[in-house]
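Chemist: Show me the folded form of this:
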Amino acid sequence: RLLGVDRVVIYNTSCGPELDLLFQSYSRTGFLEIVPWPIDLFLSPSWGWLYSLSGGDVHYFGQLATLNECVYRSMDRSRYVLLNDIDEIIMPYQHNNLMSLMNTLQQQHPKTGVFLIENHVFPKTVFEPSKRFHLPKWDEVPGFNILEHIYREDPDRTKYHPHKLIVQPRLVEQVSVHDVLKAFGTTYKVPPDVCRIIHVRGSLRGKLDAKELNEDTRLWDFHEKLIPNVDKALERAGLLRSEPAL
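Modeler: Below is the predicted model of the structure:
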C-alpha cells in the first residue's frame, strides 16, 4: 500500500487462525480481495513445483491457474498487475512508488506489456547488528520482522535465476510463474538498480555472513509509516495488544 498498490488478491487454499484474522481485517477495508481456493477438496494438488518429486493431479496447488485467473480478473479494472508471492516485495529503487516507476518504464518502452523483475534474497538468518528495528512488541507475532534483514545475496548468475512479473493485463494472454507465454506486447527485463524483488527467506547460497553480503537498507526508507501501519493492522486483527497512553 505504501508503494501505491490499490488492491491485493490472495488465493487462499488454507491458513492458520492468526493469518485468517489478519486477512479478514484487511478484507473489511476493501484493500484485500480473498479468493477461496480449496482445490484440495477436488484434486490431489502437488506440494512442490517439481512433478517428479511431488506428483499430484495439478501443479503446486493450481498456481498456474491462479496466476492466469488473476490476470483475467483484473483486465477491466487494473492498469498493471504484479504477479509475485506473498513474501516478496517488488521494490523500486529510483522512484518513490510503483506508479511513478511504471510511468517512466512505459514512456521508455511504450510497446512493452511485460516487465520482468529480478529476485534478490535477503537471508532471514542474518540480522542487522545494531538491532535498530528489533521491536519487542512484535516478538509474539508469528513470522519475522523484515526490517531486521538488510543483507542481500548476489544472485548466482551461472544458474537459472527467476524473475517475477509486472504486466499490463490487457496485453497478456497466458502467463507462467516466471515468464509470460503469450503476449501482444514486448518483454523488458528491468535492471535491478531500478527495481528488484526484496525476498526475505532462507539463503540460496549457503551460510554467508554479513561481510559476504550487500547491505541494502531500502526498506528503512519506509519505516516511519510502515511500523505504525503494521501496528494498527495487528491491533485490528487482535494480534497485538495496544499500549495504554500516558
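Chemist: longest helix anywhere in the protein?
Modeler: Longest helix in the chain, counting residues (DSSP state H): helix 223-236.
Chemist: partners of the residue nearest the centre of the chain in the sheet?
Modeler: For the chain, the residue whose C-alpha lies nearest the mean C-alpha position (C-alpha atoms, centre = their mean) is residue 88; its distance is 2.7 Å. With DSSP bridges as the criterion, residue 88 is bridged to residue 199.
Chemist: shouldn't it be in contact with residue 163?
Modeler: No - contact criterion C-beta atoms under 8 Å: residue 88 and residue 163 do not qualify, at 10.9 Å. Heads up, the C-betas are built off the backbone N, CA and C, glycines and all.
Chemist: Give the residues shared as contacts by these two.
Modeler: Common contact partners of residue 88 and residue 163 (C-beta atoms under 8 Å, 6 or more residues apart in numbering): residue 119.
Chemist: which residues sit against the longest helix of the chain?
Modeler: Under C-beta under 8 Å, 6+ apart, the answer for helix 223-236 is 1-2, 22, 25-26, 133, 135, 137-138, 141, 147, 219, 240-242.
Chemist: and what of stretch 195-204?
Modeler: Stretch 195-204 is contacted from outside by 84-85, 87-94, 101, 117-125, 144, 146, 149, 153, 156, 164, 216, 218-219, using C-beta under 8 Å, 6+ apart.
Chemist: just checking, which of these belong to strands?
Modeler: Those of the contacts of stretch 195-204 mapping onto strands are 88-92, 117-123, 164, per DSSP state E.
Chemist: Can you tell me which of the residues you listed are buried?
Modeler: The neighbour-count test (16 or more other C-beta atoms under 10 Å) applied to the ones in strands among the contacts of stretch 195-204 identifies 88-92, 117-123, 164 as buried.
Chemist: Now pLDDT too, for those, in CSV please.
Modeler: Converted to CSV, these look like this (pLDDT from 0 to 100):
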residue, pLDDT
88, 96
89, 97
90, 98
91, 98
92, 98
117, 98
118, 96
119, 96
120, 96
121, 96
122, 97
123, 96
164, 97
